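Novice: heads up, no residue letters with this:
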């Protein structure tokens, strides 16, 4: 989907290659919480994802913990062990109040990041355990993936350790062109990446989302560097299953956008 070259790969703690940097795997029967924003009625098997990666000549993927599994990362851990020879890496979720135990577990299991899902939620207070986790993340080169509206990002990022790698999910949920400028108010940009997914994540109308995505790419390639713009499929497109045709169509779209900034 996008080629991550050696310099950036080293920064992210992965092998270089072409990656889908945002994919989900799950079995819907394992969703136990009733307090979920979205609950699929189908499975997204890792074998389906691997077949799609192979078909589209991609080397690997980042397996992002879906929100409805909470901080129980066991499903991804199990699949990473099963396919340990593949270029598959986990991005886990930690307990908000006691994150250290969860972190030590994922650290042993080929995880390269921790996800903060703050979409439509208040930013919780980072206690002393989180401060220890951030220190360990810096030492072990794990990134912090942040899923939150752009209006929350400035204060949040400026409060985090500058050495910590941050990946902003879904383009920072930009809704209009004026919202692109939040990045200009961030104090330290050296360790910031942004991850693009499908333009439907920006606007429900594809044409409008497509135009906004192009403006996003032009703006951010100048602000943080085009090599720090990542692309993920968002497989299996929860909530958009009927609007996105296939994995291959998403991959072609990623290639089109990459050409716009000469990636």
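Specialist: Cool, got the structure. Keep in mind the model is a prediction, meaning the values are calculated, not measured. Numbering: from 1, shown residues only.

Novice: CA only for contacts and neighbour counts going forward, please
Specialist: Fine.

Novice: measure the closest residue in space to residue 109 that isn't next to it in sequence to residue 209 for me?
Specialist: Leaving aside its sequence neighbours, residue 109 sits nearest to residue 77 (CA to CA, 6 or more residues apart in numbering; 6.2 Å). Separation of residue 77 from residue 209 (CA to CA, to the nearest Å): 34 Å.

Novice: just the buried positions in stretch 133-143, please.
Specialist: Neighbour counts over stretch 133-143 (16 or more other CA atoms under 10 Å) mark 133, 134, 136, 137, 138, 141, 142, 143 as buried.

Novice: element containing the first one, please.
Specialist: Using DSSP states H and E, residue 133 sits in helix 128-140.

Novice: who touches that helix?
Specialist: For helix 128-140, contacts defined as CA atoms under 8 Å, 6 or more residues apart in numbering pick out 97, 98, 99, 100, 103, 143, 161, 163, 164, 165.

Novice: all helices for this structure, in order.
Specialist: 6-12, 46-55, 74-82, 99-107, 128-140, 150-159, 206-220, 247-260 (DSSP state H).

Novice: got a markdown table for these, with distance to residue 241 too?
Specialist: Shown next, in a markdown table, are those (distance: least, CA to CA, whole Å):
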| stretch | distance to residue 241 |
| --- | --- |
| helix 6-12 | 30 |
| helix 46-55 | 15 |
| helix 74-82 | 22 |
| helix 99-107 | 29 |
| helix 128-140 | 34 |
| helix 150-159 | 25 |
| helix 206-220 | 14 |
| helix 247-260 | 11 |
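
Novice: and these: which comes nearest residue 228?
Specialist: Nearest to residue 228, of all the helices of the chain, is helix 6-12, at 7.8 Å by CA to CA.

Novice: can you pull the buried residues of that closest one?
Specialist: residue 12.

Novice: ok, and what's touching that helix?
Specialist: 15, 16, 112, 141, 142, 143, 227, 228.

Novice: any weak-confidence spans in the stretch 1-150 of the chain?
Specialist: Scanning the stretch 1-150 of the chain for pLDDT under 70 picks out 34.

Novice: nearest to residue 118, of the buried residues of stretch 133-143?
Specialist: Of all the buried residues of stretch 133-143, residue 118 sits closest to residue 143, with 16.1 Å by CA to CA.

Novice: residues of stretch 97-115 that come out buried?
Specialist: Using 16+ other CA under 10 Å as the test for burial, stretch 97-115 gives 99-100, 102-103, 106-107, 109-115.

Novice: so residue 93 sits against residue 71, correct?
Specialist: Yes - under the criterion of CA atoms under 8 Å, residue 93 makes contact with residue 71 at 4.8 Å.

Novice: so for the two, which residue has more residues nearby?
Specialist: residue 93 (25 against 18; other CA atoms under 10 Å).

Novice: what's the spacing between the more buried one and residue 100?
Specialist: Counting by CA to CA - residue 93 and residue 100 are separated by 11 Å.

Novice: residue 180 too?
Specialist: 34 Å.

Novice: likewise residue 224?
Specialist: From residue 224 to residue 100 the distance is 31 Å (CA to CA).

Novice: same check, this time on residue 66
Specialist: 20 Å.

Novice: now residue 245
Specialist: From residue 245 to residue 100 the distance is 40 Å (CA to CA).

Novice: can you check residue 27 too?
Specialist: Residue 27 is 26 Å from residue 100, by CA to CA.

Novice: ok, residue 148 next?
Specialist: In terms of CA to CA, residue 148 sits 22 Å off from residue 100.

Novice: go on, residue 124?
Specialist: 16 Å.

Novice: now do the contacts for residue 45.
Specialist: Contacts of residue 45 by CA under 8 Å, 6+ apart are 25, 26, 27.

Novice: since we're on the first one, how many residues are nearby?
Specialist: Pointing back at residue 25 there. 21.

Novice: list the contacts for it?
Specialist: 43, 44, 45, 46, 63, 64, 65, 66, 76, 236.

Novice: residues contacting residue 236?
Specialist: 23, 24, 25, 44.
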